[in-house]
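> Please find the sequence and the predicted model below.
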Amino acid sequence: MNDLAVPREILQTLIGFDTTSRLSNLALIEWVENYLDDHEVAHRRVPNAEGTKSNLLATIGPATEGGAVLSGHTDVVPVDGQPWTSDPFKLVERDGRLYGRGTCDMKGFLALALSVVPDLIAAPLRRPVHLAFSYDEEIGCLGAPALIEVIRRELPQPAFVVVGEPTDMVAVNGHKGIATFHVTVTGREAHSSQTQQGVSAVMAAVKLMSTLTELSERLEREADPASPFTPKGATLTIGMVNGGTAHNILARECRFVFDLRCPPRLDPQTILAAFFAEVRAMDAALKARAPEAGVTVEMHSSVPSFAPEPDGAAESFARRLAGDNGPPRAVSFATEAGQFQRAGLSTVLCGPGSIEQAHQPDEFVEVAQMERGQAFMRRLVEWASSAG
């Protein structure tokens with residue numbers, strides 16, 4: 001098994017690619033393809049419609065059922081405006097930590113998965129290990145569905161999927177889902193002294209945001225006290241608001257974005273039913289005052305929740321490889337795990353690093369976490385080579 005120098009070198013290379021979600025990830029994908037070519041590992045792309053981004057799927061080992069999928073996303077969140085103390089796209093080691101954008105979320109896991117390829121090739125594998133790298137996870141898990149469809153349709157049925165999001169290298173068996181909505185309120189511009197001649201999009205939007213604020217407070221009050229999540233119940237937040245031209249002009253447009261994060265078994269559409277009814281009523285009222293006015297709501301993304309499985313096959317698998325004997329765990333952030341689970345694949349979250357460092361300036365993964373991840377990969381090779 002390689003020492004940590006190899007995954008560290010791979011991580012340094014991966015961090016060097018700026019794969020912020022607004023940009024392409026193809027340079028990173030091409031590097032991974034060349035790496036796999038050097039080891040004579042077959043691979044294929046699953047691109048987006050425009051061909052500007054791509055998932056990557058590769059298999060090491062026999063074409064048999066019962067393999068393991070190592071899943072991770074290649075995109076990262078922006079660094080704009082964050083007070084980094086080092087170049088976010090250069091790996092820097094300080095005090096037992098590896099700093100750089102994506103070190104924990106989640107290129108550290110990708111580096112570990114790639115570093116074990118030579119060991120998998122050298123081993124007498126009885127079961128395959130599949131690498132499934134996606135794009136656009138950070139903006140709504142947009143790339144994974146096409147990748148999962150190829151896995152479901154073309155690969156022998158895998159036994160487990162390990163999504164390597166940062167969990168401190170322990171198994172996580174559940175997370176909330178997330179639905180994001182873009183709301184656009186259109187009014188009619190007029191001088192602010194002549195309110196009878198126009199419609200303020202901002203003032204109409206404030207009413208809708210007030211409704212959402214009240215709903216958010218109700219969801220907090222009604223949260224199940226036995227919930228394993230923190231916060232325990234569904235959460236609703238308004239993240240962005242833009243609108244208006246000047247203080248003395250009735251605003252022609254106001255846009256805002258909100259997200260709703262639900263534990264398993266709670267349905268976003270049901271929770272938002274009263275809000276959508278208010279939207280329809282407001283749309284009609286605004287159009288009655290100005291035909292060009294109105295309200296539109298667009299669902300930008302919908303990521304399913306991830307629920308604990310009755311048999312917990314993937315969870316048991318990850319616990320065994322990670323040496324994890326702790327209690328069941330759930331997290332509030334959303335991942336691609338729910339999408340794999342909905343496709344009928346037993347799934348678990350388990351990867352190096354902490355979510356507390358993800359998306360932060362000076363993001364880091366501890367060297368100790370990478371060492372634990374390497375031990376996980378060593379046991380993965382042993383598992384794939386065994387008859388049991």
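Right, received. Where do you want to start?
> In PDB, could you pull the C-alpha coordinates for the helix or strand Arg8 falls within?
Using DSSP states H and E, Arg8 sits within helix 5-15. Extracted C-alpha coordinates of helix 5-15, given in PDB (Å, rounded to 0.1, in the frame of the first residue of the first chain):
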ATOM      1  CA  ALA A   5       2.900  10.900  -0.100                       C
ATOM      2  CA  VAL A   6       1.000   9.400  -3.100                       C
ATOM      3  CA  PRO A   7      -2.600  10.600  -2.100                       C
ATOM      4  CA  ARG A   8      -1.000  13.900  -1.000                       C
ATOM      5  CA  GLU A   9       0.600  14.400  -4.400                       C
ATOM      6  CA  ILE A  10      -2.700  13.500  -6.200                       C
ATOM      7  CA  LEU A  11      -4.600  15.900  -3.900                       C
ATOM      8  CA  GLN A  12      -2.100  18.700  -4.700                       C
ATOM      9  CA  THR A  13      -2.800  18.200  -8.400                       C
ATOM     10  CA  LEU A  14      -6.600  18.100  -7.900                       C
ATOM     11  CA  ILE A  15      -6.600  21.200  -5.800                       C
END
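> Centre of the chain to stretch 18-34, how far?
Centre-to-centre, stretch 18-34 and its host chain are 17 Å apart (Cα atoms, centre = their mean, to the nearest Å).
> Show me what counts as buried in it.
Neighbour-count burial for stretch 18-34, counted by 16 or more other Cβ atoms under 10 Å, picks out Asp18, Thr19, Thr20, Ser21, Ser24, Asn25, Leu26, Leu28, Ile29, Trp31, Val32, Glu33. All C-beta spots, glycine's among them, are computed from the backbone N, C-alpha and C.
> Using CSV, write out every CA atom in that stretch.
Below are the C-alpha coordinates for stretch 18-34, written out as CSV (Å, rounded to 0.1, in the frame of the first residue of the first chain):
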residue,chain,number,x,y,z
ASP,A,18,-10.2,25.6,-10.1
THR,A,19,-13.4,23.5,-10.4
THR,A,20,-15.7,26.1,-8.9
SER,A,21,-19.2,25.1,-10.0
ARG,A,22,-19.6,28.1,-12.3
LEU,A,23,-16.6,26.8,-14.3
SER,A,24,-15.8,23.7,-16.3
ASN,A,25,-14.4,20.6,-14.6
LEU,A,26,-13.1,19.1,-17.8
ALA,A,27,-9.4,19.8,-17.2
LEU,A,28,-9.6,17.8,-13.9
ILE,A,29,-11.5,15.0,-15.7
GLU,A,30,-8.9,14.9,-18.4
TRP,A,31,-6.1,14.6,-15.8
VAL,A,32,-7.9,11.7,-14.1
GLU,A,33,-8.4,10.0,-17.4
ASN,A,34,-4.7,10.2,-18.2
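> Let me see the mean pLDDT of that stretch.
For stretch 18-34, the mean per-residue pLDDT is 98.
> Among the buried residues of stretch 18-34, which lie within strands?
Secondary structure from DSSP state E places none of the buried residues of stretch 18-34 in strands.
> ok, of the residues you listed, which one's closest to Leu260?
The closest of the buried residues of stretch 18-34 to Leu260 turns out to be Ser21 (Cβ to Cβ; 20.5 Å).
> elements contacting the helix holding Arg8?
Applying 3 or more Cβ pairs under 8 Å, 6 or more residues apart in numbering; DSSP states H and E, one finds that helix 5-15 contacts helix 26-38, helix 108-115, helix 367-385.
> repeat that for 7 Å
helix 108-115 (3 or more Cβ pairs under 7 Å, 6 or more residues apart in numbering; DSSP states H and E).
> what's next to the helix or strand following the helix it packs on, contact-wise?
Using DSSP H and E, the helix or strand that follows helix 108-115 in sequence is helix 117-122. Helix 117-122 is contacted from outside by Met1, His39, Val41, Ile60, Gly61, Val129, Val381, Ala384, using Cβ atoms under 7 Å, 6 or more residues apart in numbering.
> mind putting those in a markdown table, distance to Ala223 included?
Shown next, in a markdown table, are these (distance: Cβ to Cβ, whole Å):
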| residue | distance to Ala223 |
| --- | --- |
| Met1 | 45 |
| His39 | 49 |
| Val41 | 46 |
| Ile60 | 44 |
| Gly61 | 45 |
| Val129 | 39 |
| Val381 | 43 |
| Ala384 | 42 |
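> Out of those, the closest to Glu371 would be?
Closest to Glu371, out of all of those and judged by Cβ to Cβ, is Met1, at 11.5 Å.
> Just give me the neighbour total for Pro310.
Counted with other Cβ atoms under 10 Å, residues neighbouring Pro310 total 6.
> how far away is it from Val206?
46 Å (Cβ to Cβ, to the nearest Å).
> Pretty sure Val116 sits against Val381.
Yes: using Cβ atoms under 7 Å as the test, Val116 is close enough to Val381 to be in contact (6.4 Å).
> These two - which one has more neighbours?
A count of neighbours by other Cβ under 10 Å puts Val116 above the other of Val116 and Val381, at 27 against 18.
> nearest residue to that one other than its sequence neighbours?
Excluding the flanking residues, the one nearest Val116 by Cβ to Cβ, 6 or more residues apart in numbering is Met377, at 4.2 Å.
> For the protein, which helix extends over the most residues?
As assigned by DSSP state H, the longest helix anywhere in the chain is helix 201-221.
> Sheet partners, orientation included, of the next helix or strand after it?
Downstream of helix 201-221, the first helix or strand assigned by DSSP H and E is strand 235-243. Note on strand 235-243: by DSSP bridges, its sheet partners are strand 253-262 (antiparallel).
> I'd like the average pLDDT over the strand it pairs with.
Mean pLDDT, computed over strand 253-262, is 98.
> Quick one: residues in contact with the helix or strand that comes right after it.
Next in sequence after strand 253-262, counting helices and strands by DSSP H and E, comes helix 268-271. Applying Cβ under 7 Å, 6+ apart, the external contacts of helix 268-271 come out as Ala179, Ala234, Leu260, Cys262.
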